[in-house]
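Student: Any chance you can model this:
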Amino acid sequence: MYLDYLRKTLTQLGQNRGRFKPLGLPLLLAIVTLTTVSCTTSPQSSQSPQSPPSTQSPQSPVVNPTSPPIQDDRGSDTPDEMPPVASSVLPQTNAQGDYTGKSNHIYWRVVDPDPNGLNCRMGDRTIEQVWTPSSGALNIGSWPVTGTLPPDSTFQAALSPGGFVLTFDANNQPWIFVESSNGPEQTNNCFIRANTNYIQPLTNSR
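Tutor: Model prediction:
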């Protein structure tokens, strides 16, 4: 608006320079001064200036030096560090009646009704050799009978080096190594079939 007024005034001065020649220069200076003052006192933009982006890098989270280290559970258990299996946890059975799973339950009773007793077998190797992984396939069912356990007799199973009572043969059938028994023959140091038709676990060491 002020520029339009200035342009109009200058045009009039040019047309009447003969009449206002003595006042031309002072009037022009006055108009320019008023225009400059008016422009400098005009309202500023209502928008606030944006702050320049920060050049500082974000701060790292503060770590409490007294906090415990994060637990790492990726380590595998060694045989010496494996948690023991509770003796109260009895072995499970499959559809064929074979005992399965990992258990260290050692007290058992013979339920085989055969009056001749339950056959107990052992080969020509020691139990340490049998339980050695490099001993090869175990055909325990074809080993000779070294003793029998009569019906309702009880026995105590031996634990393998892994801490369990079941040993599986080449046909994946489970067997239990008898450490001691209370029958007349006191049969021991041989294998019997671990099946519900022949033996059952005892919940106490009767």
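Student: Which parts of this structure are helices?
Tutor: Counting by DSSP state H, the chain has helices at residues 2-15, 24-40, 127-130.
Student: can you give me the mean pLDDT across the last one?
Tutor: This predicted structure assigns helix 127-130 an average pLDDT of 94.
Student: Against which helices or strands is it packed?
Tutor: Secondary-structure packing of helix 127-130 (3 or more CB pairs under 8 Å, 6 or more residues apart in numbering; DSSP states H and E): no helix or strand packs against it. For glycine as for every other residue, the C-beta is placed from the backbone atoms N, C-alpha and C.
Student: ok so, going back, among the helices of the chain, show the one with the smallest mean pLDDT.
Tutor: helix 24-40 (a mean of 51).
Student: Select the helix or strand of this protein having the lowest average pLDDT value.
Tutor: Ranking every helix and strand in the chain by mean pLDDT, DSSP states H and E puts helix 24-40 at the bottom, with a mean of 51.
Student: any idea of the pLDDT on the residue nearest to Gly123 when sequence neighbours are not counted?
Tutor: Among residues not flanking Gly123 along the chain, Trp143 sits closest, at 4.4 Å (CB to CB, 6 or more residues apart in numbering). If you check Trp143, the pLDDT there is 97.
Student: and if you look at the one 4 residues further on?
Tutor: On the pLDDT scale, Gly147 is placed at 96.
Student: What's opposite it in the beta bridge?
Tutor: With DSSP bridges applied, Gly147 shows beta-bridge pairing to Cys120.
Student: So it sits against Glu185, correct?
Tutor: Yes. Using CB atoms under 8 Å, Gly147 is in contact with Glu185, at 5.4 Å.
Student: More neighbours: which of those two?
Tutor: Using other CB atoms under 10 Å as the criterion, Gly147 and Glu185 rank with Gly147 on top: 20 against 14.
Student: What is the longest strand of the protein by residue count?
Tutor: For the chain, the strand that runs over the most residues, judged by DSSP state E, is strand 174-181.
Student: what are the pairing partners of that strand, and which direction each?
Tutor: Applying DSSP bridges, one finds strand 174-181 paired with strand 154-157 (antiparallel), strand 166-168 (antiparallel), strand 190-193 (antiparallel).
Student: remind me which residues of this protein are low pLDDT?
Tutor: 1-89, 204-206 (pLDDT under 70).
Student: Give the burial count for the residue nearest to Gln173 when sequence neighbours are not counted, as a bare number.
Tutor: Among residues not flanking Gln173 along the chain, Asp98 sits closest, at 6.5 Å (CB to CB, 6+ apart). For Asp98, the number of neighbouring residues by other CB under 10 Å comes to 20.
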